[in-house]
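Trainee: please work out how this folds:
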Amino acid sequence: MPGQSQEVQVILRPMELADLPQVEVLDRESFPTPWPENAFRYELTRNPHSICWVAELPSIGKQTRIIGSIVVWLVMDEAHIASLAVDKAFRQHGIGRQLMAQALLLCLEGGGRLAMLEVREGNLAAQKLYRKFGFESVGIRKEYYQDTHEDAILMTLASLDYETLARMAEPG
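Mentor: The predicted model follows:
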């Protein structure tokens, strides 16, 4: 496994239907309450507002290994980060940062001007990542998570900035 501070080189690309089995496993392993079966399929095939991307390890053979995924909904000028997951073995290596930056760049290109998300109150690592982008805590959604009744922190990024996002999208 990569060292704690070492960047992992990944390929970022749009999610495809063939990725769904791995994306669904990643989601189940990442969250206490994963998305329902076929939710990612719906996002890929039926939701015109979805931006779905994955991070995969470079491979020599035909088998790809998905180690990160993101789903963002772009509605009017607002990007809502719906899901961001990174394989536990590859966290803290810049993958989540790169995925989020890439998705937000696409939102900016599509007319997005601001972003929002909910994050578990106890998920300090995710909150730290979001603050690096400039997200600020603006409220609490009481007992938002049904599995534990944990509160969600509502965070917003008031302005999507191309230079900042392009820098955050770079490896390293």
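
Trainee: residues near Arg141, how many?
Mentor: Other residues within reach of Arg141, judged by other C-beta atoms under 10 Å, total 13. (Glycine included, C-beta is placed from N, CA and C.)

Trainee: let's see the pLDDT reported for it.
Mentor: For Arg141, the pLDDT comes out at 93.

Trainee: find the residue at the geometric middle of this protein.
Mentor: Using C-alpha atoms, centre = their mean, the residue of the chain that lies closest to the mean C-alpha position is Leu84, 2.6 Å off.

Trainee: residues touching the helix or strand hosting it, excluding its own?
Mentor: Element membership for Leu84, per DSSP states H and E: strand 78-86. Around strand 78-86, the neighbours that count as contacts under C-beta atoms under 8 Å, 6 or more residues apart in numbering are 26-27, 30-31, 35, 43, 50, 55, 67-74, 95-96, 99-100, 103-104, 107, 112-117, 126, 160.

Trainee: selecting buried members of these in PyMOL, what would you type?
Mentor: To isolate the buried ones among these in PyMOL, judged by 16 or more other C-beta atoms under 10 Å, type:
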select buried, resi 26+27+30+35+43+50+55+67+68+69+70+71+72+73+74+95+96+99+100+103+104+107+112+115+117+126+160
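
Trainee: pretty sure Leu154 is touching Glu136, no?
Mentor: No - using C-beta atoms under 8 Å, Leu154 is not in contact with Glu136; the gap is 9.8 Å.

Trainee: report the beta-bridge partners for Glu56.
Mentor: With DSSP bridges as the criterion, Glu56 is bridged to Ile11, Ile66.

Trainee: what sits against the closest residue to Met116 other than its chain neighbours?
Mentor: Spatial nearest neighbour of Met116, excluding adjacent residues (C-beta to C-beta, 6 or more residues apart in numbering): Thr156 at 4.7 Å. Residues near Thr156 by C-beta under 8 Å, 6+ apart: 114-116, 135-136, 138.

Trainee: among the contacts of strand 78-86, which are in helices?
Mentor: Members of those lying in helices (criterion: DSSP state H): 26-27, 30, 43, 95-96, 99-100, 103-104, 107, 126.
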